[in-house]
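Enquirer: Model the following, please.
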Amino acid sequence: MLKVKTATEAEFSHYYTAMQLDFDEKELLPKTAIRRAIRRGDLEFLLFCDDATGLTEGYALCGIRNVYGYVLLKYFGIFSWYQGQGIGVEAMRLLHRRYADCQGILAELTAFDDGEDGVYLRKLKRFFSRFGYEEVPCSYRIGGAEAVLTVKPVRGTSAVGPIARRLIMDFYSRCLRPSEVEKMLSFSP
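Expert: Here you go, the predicted structure:
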C-alpha cells in the first residue's frame, strides 16, 4: 500500500539529485527556485512511500497555486527499481485524490532525445490517457523540446486551450524570474 506525504524542504533537497537523473537539465527548474516556491506555498513536493516499510518509491512536484484553480504536475517519477510494479498507477491515483477539489490537473509531457520514432513520448501519452488526461491545443517548448500539455478535468473543463498559455506562464512566473521564464519557455503563435 502506498501513501503520499508532503516533503520538507530538506527532503526535497535530498531528492533533487534523483530529479536530475530523471529529467533533462534543460527542463529542470533550478533547485533554489523550487525551494523558494515551496517556501511560499506555490509548489509542493510529494513523496510516495510504502506504508509498511516507509521507503520512498517515487515523487511528484506540483504547482498548486494559480488564478484558475488548476494544479500543474510538473515532475512525476518512480524510482527505476520500483518501476513495472504498479507503483506509478497507485501514485497517480493518490495524486488525483489529493487534488479532487481543484478544477483540473495539468501535466507537461516532454521527451528529450526520444529519437525520430518518438516511442518514449507515445508511452507517456498512453500512461496519462489511462487516467483521463486529454491533450490541450497549445504549442510550446520547454528547454527547446516540444511539450505536450495534457489536462485531467476534475471539477472544471478540459477545454483550457484558449487560456493554456496564461496557465503555463502563471505557474512558471511563480517560480522563475521573467528572464528565466523566457529562457526556459517558448510559445508558437
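Enquirer: so who does residue 88 touch?
Expert: Applying C-beta atoms under 8 Å, 6 or more residues apart in numbering, we find residue 88 in contact with 58, 76, 78, 127. Glycine gets a C-beta too; all of them are placed from N, C-alpha and C.
Enquirer: try it again with 7 Å
Expert: Shown in contact with residue 88 (C-beta atoms under 7 Å, 6 or more residues apart in numbering): residue 78.
Enquirer: Return the set of buried residues in whichever strand or helix holds it.
Expert: Element membership for residue 88, per DSSP states H and E: helix 87-98. Using 16 or more other C-beta atoms under 10 Å as the test for burial, helix 87-98 gives 87, 88, 90, 91, 92, 94, 95, 98.
Enquirer: cool, and stretch 96-111?
Expert: Going by neighbour count (16+ other C-beta under 10 Å), the buried part of stretch 96-111 is 98, 99, 102, 103, 104, 105, 106, 107, 108, 109, 110, 111.
Enquirer: Tell me which stretches of this protein form helices.
Expert: 9-22, 31-40, 87-98, 119-129, 164-173, 178-184 (DSSP state H).
Enquirer: Using JSON lines, please lay out those helices together with distance to residue 140.
Expert: What follows is the helices of the chain, written out as JSON lines (distance: least, C-beta to C-beta, whole Å):
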{"stretch": "helix 9-22", "distance to residue 140": "21"}
{"stretch": "helix 31-40", "distance to residue 140": "19"}
{"stretch": "helix 87-98", "distance to residue 140": "23"}
{"stretch": "helix 119-129", "distance to residue 140": "15"}
{"stretch": "helix 164-173", "distance to residue 140": "7"}
{"stretch": "helix 178-184", "distance to residue 140": "10"}
